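>>> Got a predicted structure here, sequence first:
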Amino acid sequence: MGISGRGIYLNLSFEQRRRDQIVASKVGSPTSERDEESLIFRSYQRFRDLKIVEGSICGEYQIGKQTRMSHPRLEYQATSKVLELLHMDLMGPMQVESIGGKRYVLVVVDDFSRFTWVNFIREKSDTFDVFKELCSQLQREKGCGIVRIMSDHGTEFENAKFDEYCSDEGIKHEFSSPVPPQQNGVVERKNRTLQESARVMLHAKHLPYRFWAEAMNTICHIHNSYTKNWNHINSL
């Protein structure tokens, strides 16, 4: 219901407007403002007399508003040490290239500590080389090998190079289910957090979108700075 220049008008349903058109056709189309207001008043009277039962929801409304239930939260820590399980995912391509000409982001999250690494790459084909370099760096730094890695079935992860490297290094490569992203939810949630935080930073400082890589790298550093020590369980 609202107010126009000619008086009160109603946002009626199609059936109500159709009935009013039939009535108007029988008595003749309203030629004056008074006849039009009288027709609107009768429609409003019918609308006001409509009875709504409290607490009742129609089945069609429930079907239209229903959503998928969230996956249950794990009540235990699935890993007991760092580098036991690494979650990986590739974001991109971004609509705008970064200052360095990068359009993809390889996100790696340690399951035990939730420590995160972001690597910016130009093409999807560079994913393996970046991952291999990161694995060598982490294994030398922590003095232990990587036990398992988890990713989706993207061709940047499921290929002969990854299979050969994991076989040589004794790394078990696990894949999440093709359809639901929740099985690889650790890195999927991290992707969303990094994207939204970087977007907020760019908008807050009125920076152009080509600075998205710098903003995302800064956000990742901030998150890692308040992550607990690698020797303790932590969840962001």
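Now that the structure is in, tell me what you want to look at.
>>> can I assume Ile106 sits in a strand?
Let me fix one detail, which is that residue 106 is Leu and not Ile. Yes: inclusion of Leu106 in a strand is indicated when DSSP: H, G, I helix; E, B strand; the rest coil is applied.
>>> Let the chain start at 508 from now.
All set: I'll call the first residue 508, so the last point we hit is now Leu613.
>>> in the sheet, who's paired with it?
Beta-bridge pairing of Leu613 under DSSP bridges involves Leu597, Asn626.
>>> quick one: contacts for the residue nearest to Ser632 when sequence neighbours are not counted?
Taking CB to CB, 6 or more residues apart in numbering, and ignoring the residues beside it in sequence, Ser632 has Glu663 as its nearest neighbour in space, at 7.6 Å. Where C-beta positions appear, they are placed from N, C-alpha and C, glycine not excepted. Contacts for Glu663 (CB atoms under 8 Å, 6 or more residues apart in numbering) come out as 597, 631-632, 634-635.
>>> and Glu663, that one's in a helix?
No: when classified by three-state DSSP, Glu663 is found to be coil rather than part of a helix.
>>> ok, now how distant is it from Met598?
The gap separating Glu663 from Met598 is 11 Å, by CB to CB, to the nearest Å.
>>> Show me the longest helix that occurs in this structure.
If you go by DSSP state H, the chain has its longest helix at helix 692-711.
>>> can you pull the pLDDT of Ser620?
Per-residue confidence for Ser620 comes out at a pLDDT of 89.
>>> Next, count neighbours for it.
Residues within reach of Ser620, counting by other CB atoms under 10 Å, total 22.
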